[in-house]
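>>> I'll drop the sequence and a predicted model, then ask my questions.
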Amino acid sequence: MSSQLDLSVESAADPLADTLVDTPAPALRPAFQTGRQLDVYRAGPRTGPSAIPVQVEELAAKARRLLTPEAWEWIAGGAGRGDTVRTNRDAFAKWQIVPRMLCDIDRRDFSVELFGRRHPWPVLLAPVGVQGLLHPDGEKASATAAAELGLPFVLSTVASNSLEDVAEAAGPGPRWFQLYWSRDREITRSMLGRAERAGYEAVVVTLDTPILGWRERNLDHGSLPFLHGEGLANYTSDPAFVAGLPGGRVDDRAAVVEHYLRVFSNPGRTWADLSEIRAATRLPVLVKGIQSPDDGWKAVQAGVDGIVVSNHGGRQVDGGIATLDCLPGVVRTVGGVVPVLFDSGIRRGADAFKALALGATAVLVGRPYLWALAVGGAAGVREFLLNFLADLDLTLGLAGKRRLAEVYRDDLALAGMMGPDLGTDRWAIAAE
Ligand SMILES: Cc1cc2nc3c(=O)[nH]c(=O)nc-3n(C[C@H](O)[C@H](O)[C@H](O)COP(=O)(O)O)c2cc1C
């Protein structure tokens with residue numbers, strides 16, 4: 001069986017197809033990971049300039065060798081000393097997966113429904129700005145790869161390509177638009193209208209960046225892409241933004257940058273202001289950057305359709321809480337009410353599994369796909385994603401799972417805590 005990720009609709013004879021009631025059933029291939037794994041083995045050593053190492057640490061190292069120091073720091077940079085970047089990762093080691101045996105995992109379906117559309121995997125590509133720094137095709141390359149695999153691509157407001165160009169590259173692939181909520185109401189309305197017309201299916205309003213974090217590594221490089229006019233394609237293509245430029249001149253870079261810095265955000269906002277977004281779009285609205293259960297509750301009260309638990313990959317607050325540590329509290333507070341998505345620190349299938357077990361509806365992958373973009377463009381991102389999905393599929397299977405609904409908190413043990421006290425007494429099992 002080929003491991004190519006064929007996203008064609010399953011045949012009517014598929015016994016699992018009737019459980020997918022909303023949208024066409026996604027590709028479901030028994031043991032997808034096995035075929036992918038054999039392909040990778042058969043391809044031999046992953047050498048060559050654009051080969052994508054399976055180990056993400058190797059992938060990051062390769063990207064680093066290829067990128068300018070400024071571009072590398074743009075990806076790697078975190079707030080302050082980088083403690084939150086580290087903490088995000090360390091949090092995953094506190095949980096360990098409990099594998100389960102003889103669960104008939106021959107056929108598996110890890111699709112998830114979000115806002116009326118069923119997606120083949122609970123995985124999205126996180127919004128990341130200025131991807132033109134990493135590869136000439138920028139977001140178009142990442143969106144193309146995501147579309148090929150049916151994964152939603154979340155396009156950043158501060159992109160190197162306009163949202164219309166990215167939509168064209170993504171074709172029928174699912175795409176969401178991440179909004180940096182402008183101080184200028186007309187720009188916000190205009191961008192949301194454009195996103196709707198270009199086929200974006202949800203809006204992700206990032207709340208954690210009303211002001212830019214103190215990113216020491218970037219500060220020491222004296223490097224902020226926006227000051228050079230990079231990452232502003234959605235602004236220079238926006239009529240409401242251009243109307244605010246002297247003479248409407250988008251070729252006046254200094255004026256563009258000044259205007260952008262003026263309108264980028266409004267730190268004076270409160271929860272009540274979210275009604276502005278609601279009124280400006282018919283699309284589902286998610287808020288990104290939620291870390292406290294209380295904020296999760298306020299977001300739901302404000303009428304959002306979904307939440308992304310995220311700390312922006314540790315780029316905003318140094319010494320902050322790991323997002324994995326935030327997740328259970330937010331899920332407990334609002335998990336039954338709206339989908340709770342998760343990012344910050346996802347590197348491998350096991351990380352995604354842990355987030356799913358702690359209640360995430362789906363996860364967003366960030367830095368790793370950027371490393372792949374830098375090394376191999378669209379093909380590189382696709383390659384990385386195939387590996388990531390194979391790893392996730394395998395991990396879910398080896399934990400005895402056939403569907404996401406079977407993944408629970410009990411599939412995890414706190415590191416070192418699966419002692420004899422935590423098992424079930426033998427007499428109780430016998431009594432079942
Ligand atoms: C280089 C870079 C740029 C980012 N740009 C944005 C952005 O424009 N909008 C946004 O909401 N989040 C942005 N993020 C945050 C990501 O969406 C995501 O939350 C983060 O990458 C998750 O952390 P991880 O990559 O360490 O897993 C950016 C992250 C990185 C690394």
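Received it, and whenever you're ready, just let me know what you need. Computed from a predicted model, the values in this text were never measured in an experiment.
>>> Might you report the residue contacts of the closest residue in space to Gly345 that isn't next to it in sequence?
Nearest residue to Gly345, sequence neighbours excluded (CB to CB, 6 or more residues apart in numbering): Asn88, at 3.6 Å. Quick note: C-beta positions are derived from backbone N, CA and C, even for glycine. Residues in contact with Asn88, defined by CB atoms under 8 Å, 6 or more residues apart in numbering, are 311, 313-314, 322-324, 344-345.
>>> Contact residues of the stretch 151-300 of the chain facing the ligand?
156, 158, 178, 206, 288 (CB under 6 Å from any ligand atom).
>>> Please identify which pair of these lies farthest apart.
Val158 and Lys288 (13.8 Å; CB to CB).
>>> ok, which of the contacts of Asn88 also contact the ligand?
By CB under 6 Å from any ligand atom, the members of the contacts of Asn88 lying near the ligand are 313, 344-345.
>>> which among those residues gets closest to the ligand?
Gly313 (2.6 Å; CB to the nearest ligand atom).
>>> quick check, that closest one in a helix?
Yes - under DSSP: H, G, I helix; E, B strand; the rest coil, Gly313 falls within a helix.
>>> Just among the ones next to the ligand among the contacts of Asn88, which is most surrounded?
Tallying neighbours with other CB atoms under 10 Å puts Ser344 at the head of the ones next to the ligand among the contacts of Asn88, with 32 neighbours.
>>> ok, now which ones touch that one?
The contact partners of Ser344, taken as CB under 8 Å, 6+ apart, are 88, 310-314, 322-324, 366.
>>> how close does it sit to Ser160?
23 Å (CB to CB, to the nearest Å).
>>> per-residue pLDDT, Arg426?
Arg426 carries a pLDDT score of 63 in this model.
>>> how much space between Ala93 and the ligand?
Using CB to the nearest ligand atom, to the nearest Å, Ala93 is found at 15 Å from the ligand.
>>> Might one say that that residue is in contact with Leu412?
No - if you go by CB atoms under 8 Å, Ala93 and Leu412 don't touch, sitting 11.8 Å apart.
>>> neighbour count winner among the two?
Ranked by neighbour count (other CB under 10 Å), Ala93 and Leu412 place Leu412 first, with 20 against 10.
>>> Surely Leu232 is in contact with Val256?
Yes - contact criterion CB under 8 Å: Leu232 and Val256 qualify, at 6.3 Å.
>>> in this protein, which residue is closest to the centre?
Leu364 (2.2 Å; CA atoms, centre = their mean).
>>> What strand or helix carries it?
Applying DSSP states H and E as the criterion places Leu364 in strand 362-365.
>>> other SSEs contacting that strand?
Contacts defined by 3 or more CB pairs under 8 Å, 6 or more residues apart in numbering; DSSP states H and E place strand 362-365 against strand 123-125, strand 340-342, helix 349-357.
>>> Now do the strands in the chain.
95-97, 112-114, 117-119, 123-125, 153-155, 175-179, 203-206, 285-290, 306-309, 340-342, 362-365, 412-414 (DSSP state E).
>>> Can you point out the buried residues in the second one?
What it means is strand 112-114. Neighbour counts over strand 112-114 (16 or more other CB atoms under 10 Å) mark 112, 114 as buried.
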